[in-house]
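Novice: next comes the sequence, and after it the predicted model I'd like to discuss.
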Amino acid sequence: MNPSGAPSPPPTSDEEVQFQDPPPSPLKLGIESVKKKKKKKKNKNKKKPASEAFKTDDGSESRYDVFLSFKGEDSRKNFTNFLYHALVEKGISTFRDDDELERGDSLASHTIKAMEESKFIIVILSTNYARSTRCLDQLAKAFECQRVMGKTVFPVFYDVEPSEVRHQTGKFGEAFSKHKKAFKGNTETVQKWTDALKHLADLSGWNLQLYENGPKAIQEVVQTVFLQLNPAVDLEESDSRGKEAESVPSELHSSIEKVQEENEIETRNVKENVVIEEDKSSAEHLQGLFLYCSLFPEDFEFRKHELVQLWIAEGLDMKESEQETMEDAGIKHFNTLVSQGYFMCSRCDFKVGFDSVFSVPMYSPGNFFYKVNPVKLSVLETKSSDYFMAVNSKLDGASESTTQHLSFAYDDIDDMTFGAIPKFKNLRTLLLLSNRVSSIKRIPADLFLSLNFLTTLKLSRTLISGLPGSVGNVKPLRYLDVSYTPIRWLPESIGGLNILQTLKLRGCIHLSDLPRSMHRLTTLRHLDFDIIGQLDFMPAHLRNLTDLQTLSAFLVDQEDGRRIGELKNLNDLGGALRILRLENVLSKADAEEADLPSKKCLQRLDLHWTSLVVENIKLQEEILGSLRPHAGLRELQILFYNGTKLPAWLSSPSFSGLVVMTLFNCENCDLLPSIGQLPELKFLSIVQMNKVKEINQTFFRSTDDLIDKPVNAFPKLEILEFDIMLSLKEWKNVKEGDLPSLIKLSMESCPELVTLPSFSSLKCLKYMEVRQCQKLMSLDRNELPTSLESLIIRDCPELKEWSDKEGDQ
């Protein structure tokens, strides 16, 4: 477990229930799946669930429905992970084999057996798949299983084309060139792999390049497998089952469905009849926004918020009321254009970044990347001479007198072309666009001296190491993007850009300081920068930036101008904010000056002490008590807190939107907080609270709750993790009705834990992991719920009793 609070993934089928002593029968070495007993129905036409065993074409009984073969580094954390959960959620028993979870290149015997015991084999072909000899051995084995045992093999072309696989070109060609050298004396093996790839490329499958988004492809894969496992179930019945499944809380619905529904949530207030071609009142308005995208080459990818910030910088009219922000209005219009097919989703990025709203991937909707629909764009391309996209440095056709928005779609630009740019006297937009790193290393020092109207400058993914000081002369500049460049400094003259709204420094790993003049950027709305990873201290006097909405972190210092009180006036902050070095807060009044309750747009807050060596523990308790956030917060993390008790506000059910909570290394706290009445909490991780000795009813409900009326504790909690609880000896009991939505329970590194309560009342529990609990004595099978699908026990040497109360061993 790491401080981010991200949960470990649900167990894969190649993990094992491991006992130090010989396990009692009927446990076998390997994973113990506790399947829910299904009542037989009298209807003779009713098919068995997909997860039940069946006979394959060669007459052997199958243990799994699906075997997934994939290259871990390419798709483990994104497509494969979500496909796996979608299959399992549909009742499809799935073995997920990760080439990097096994050391060595040869296929493990249990992997071979799993392939032979699976009805379907899905091979997820990705950029680096052919580099792994183990993956290629799996592929050859899949081909053998199809030919000899009648298995069905489906290819999924994740980020490669079928032709690359069939003819071993591109990355596949490079990999096979190396294999041929490495296997000079064993050409038979290489030929076996080659034949298997050619055969696979000719099979029916899914090419993800043809889908607008990953979730849609996943849905089709799952539907295909389900219907082949249940040929008598028609689509209507399958859909109805899917709807029934939606009522069950699950990791799948917390991830993929959030991705699919993200735009729908943001566009609830958009009228259904807004169509660019038909609604003339909105046509001009939206057409102006879309026309801006004529600057983008066909393969250029962009994020939603990035384009909205560009629109805002250009002063494009979007607000329909004074109550909504420009960003909210832009997102609404963006989603309208998506719904009408003007933008197409190209891919999703589920990685958790420094600015992610949630530290837990399954609750993060992911970041969509979009491309412009070239068919829609072709209608608009000839309608304005204001916009010009130069390809390969060619400015032929661009009017120096009328062109206001200019983009360069290429990887390099020569000095001659740079020299021509100042001739465009009315230039408002200059974009250097590439999805790859370009070779541009230098910006001419005099470039900005004559660009008197420039509002937008995008130099991302170039190789520039700095900006000329003349950029400070471009007073109208509102948007400056130098992200993903090796830039090492920003000129102090940037402080003179007094209407700058967006400064994008993401991925500038060599930039370790910001200009002292930052406090003069009083109109700045978005500072896109990994502050924790890049800065040693904050720029001084940030309280002047009252329009700031995006600030990933604040590093508290005791120096004037860098104290926590600098956050006081930044009440428009949204998204995620991490406040670090809280040991530098000098007093309760100092903490109160930050005025966190007024920051009502914040969705995630991390409160982080850097050192546990704090002399005044009482002061730390007062400080945390004064850092209560607003009630609509979605995620809260408290890390390295040195007080002996957590604040009372943490238990307040008024936090009606809190979904994720992490308490990490609160070393001196000897009692768990009473947080069972948080109505929306779905993920709770408690790590390294080493003075806590027991989990009792005060964790589930406060004394007032016990007196007033009995209520179910943790009504929506899906994942509960306890890790590194060195003094925990006992979990006393779980009352009937508590934890009604719990899917996964993890107990790890609790060396003093002796007893666990009965979990039989947890009707939704599917995954349970008990690791490194060296004194745990027993685990009664009858005290586990029938819903449990996976139980992992590791490094519990005293756990010798695994029994039924009825006497079964």
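Specialist: Received, thanks.
Novice: ramachandran angles for Asn78?
Specialist: When read as degrees, to the nearest 10, the backbone of Asn78 gives phi -130, psi -100.
Novice: what distance do you get for it to Arg461?
Specialist: From Asn78 across to Arg461, the span is 22 Å (Cβ to Cβ, to the nearest Å). Every residue, glycine included, has its C-beta placed from N, CA and C.
Novice: likewise Thr133?
Specialist: In terms of Cβ to Cβ, Thr133 sits 34 Å off from Arg461.
Novice: now Gly496
Specialist: Using Cβ to Cβ, Gly496 is found at 26 Å from Arg461.
Novice: for the stretch 451-600 of the chain, which spans come out with low pLDDT?
Specialist: Per-residue confidence for the stretch 451-600 of the chain (pLDDT under 70) gives no ranges below the cut-off.
Novice: who's in contact with Phe387?
Specialist: If you look again at residue 387, you'll see it is Tyr, not Phe. Contacts were defined as Cβ atoms under 8 Å, 6 or more residues apart in numbering; by that measure Tyr387 touches 291-292, 294-295, 403-405.
Novice: same thing with Leu596?
Specialist: With contacts defined as Cβ under 8 Å, 6+ apart, the neighbours of Leu596 are 567, 602, 605, 627-630.
Novice: near Asn230, how many other residues are there?
Specialist: 19 (other Cβ atoms under 10 Å).
Novice: for the remainder of this discussion, apply numbering that starts at 36.
Specialist: Got it, the first residue is 36 from now on, which makes the last one we talked about Asn265.
Novice: please report how far it lies from Phe117.
Specialist: Using Cβ to Cβ, one gets 22 Å for the distance from Asn265 to Phe117.
Novice: Val392 is in contact with Gly692, isn't it?
Specialist: No. The pair Val392 / Gly692 is not scored as a contact, 11.7 Å apart, by Cβ atoms under 8 Å.
Novice: which residues are common contacts for the two?
Specialist: Taking Cβ under 8 Å, 6+ apart as the contact rule, Val392 and Gly692 both touch Arg669.
Novice: quick check: Gln807 vs Val789, distance?
Specialist: Gln807 sits 14 Å away from Val789, going by Cβ to Cβ.
Novice: whoops, Leu590 was the one
Specialist: Applying Cβ to Cβ, the value for Leu590 to Val789 is 43 Å.
Novice: cool, and Met553?
Specialist: From Met553 over to Val789 the distance is 56 Å, taken as Cβ to Cβ.
Novice: OK, contacts around Asn487?
Specialist: With Cβ under 8 Å, 6+ apart as the criterion, the residues that contact Asn487 are 460, 509-511.
Novice: select from the residues you listed the one having the most neighbours.
Specialist: For these, the largest number of neighbours (other Cβ under 10 Å) sits with Val509, at 24 neighbours.
Novice: okay but Val200 is in contact with Leu160, surely?
Specialist: Yes. Using Cβ under 8 Å, Val200 is in contact with Leu160, at 5.7 Å.
Novice: who's more crowded, those two?
Specialist: Neighbours per residue, other Cβ under 10 Å: of Val200 and Leu160, the larger number sits with Leu160, 30 against 22.
Novice: next one: phi and psi at that one?
Specialist: Per-residue torsions, Leu160: phi -90, psi 120 (degrees, to the nearest 10).
Novice: so what sits opposite it in the bridge?
Specialist: Beta bridges link Leu160 to Phe192 when assigned by DSSP bridges.
Novice: could you report the distance from it to Lys206?
Specialist: When Cβ to Cβ is the yardstick, Leu160 and Lys206 sit 10 Å from each other.
Novice: now the common contact residues for those two.
Specialist: The contact sets of Leu160 and Lys206 overlap at Val195 (Cβ under 8 Å, 6+ apart).
Novice: what about the stretch 186-335 of the chain, any weak spots by pLDDT?
Specialist: Low-confidence regions of the stretch 186-335 of the chain, defined here as pLDDT under 70, cover residues 247-248, 266-319.
Novice: where exactly do the helices run in it?
Specialist: 197-202, 205-217, 222-236, 249-264, 270-280, 291-301, 315-326 (DSSP state H, counting those that start in this stretch).
Novice: now the first one: how far from the chain's centre is it?
Specialist: Going by Cα atoms, centre = their mean, to the nearest Å, the spacing between the C-alpha centre of helix 197-202 and its chain's C-alpha centre is 31 Å.
Novice: got the buried residues for that helix?
Specialist: The neighbour-count check on helix 197-202 (16 or more other Cβ atoms under 10 Å) flags 197, 199-200 as buried.
Novice: put together JSON lines for those, with distance to Glu657 on each row.
Specialist: Listed next are the buried residues of helix 197-202 as JSON lines, based on distance: Cβ to Cβ, whole Å:
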{"residue": "Pro197", "distance to Glu657": "64"}
{"residue": "Glu199", "distance to Glu657": "62"}
{"residue": "Val200", "distance to Glu657": "63"}
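Novice: just give me the closest of those residues to Pro632.
Specialist: The closest of the buried residues of helix 197-202 to Pro632 turns out to be Glu199 (Cβ to Cβ; 55.2 Å).
Novice: the closest one contacts Gly205, correct?
Specialist: Yes. Judged on Cβ under 8 Å, Glu199 makes contact with Gly205 at a distance of 4.4 Å.
Novice: if you count surrounding residues, which of Met553 and Val789 has more?
Specialist: Each of Met553 and Val789 has its neighbours counted (other Cβ under 10 Å); Met553 has more, 21 against 15.
Novice: show the pLDDT at the nearest residue to Tyr377 once chain neighbours are set aside.
Specialist: What sits nearest to Tyr377 in space, not counting adjacent residues and going by Cβ to Cβ, 6 or more residues apart in numbering, is Lys411, at 4.8 Å. Lys411 carries a pLDDT score of 82 in this model.
Novice: I figured Lys411 was touching Met379, is that so?
Specialist: No. With contact defined as Cβ under 8 Å, Lys411 does not count as touching Met379 (9.4 Å).
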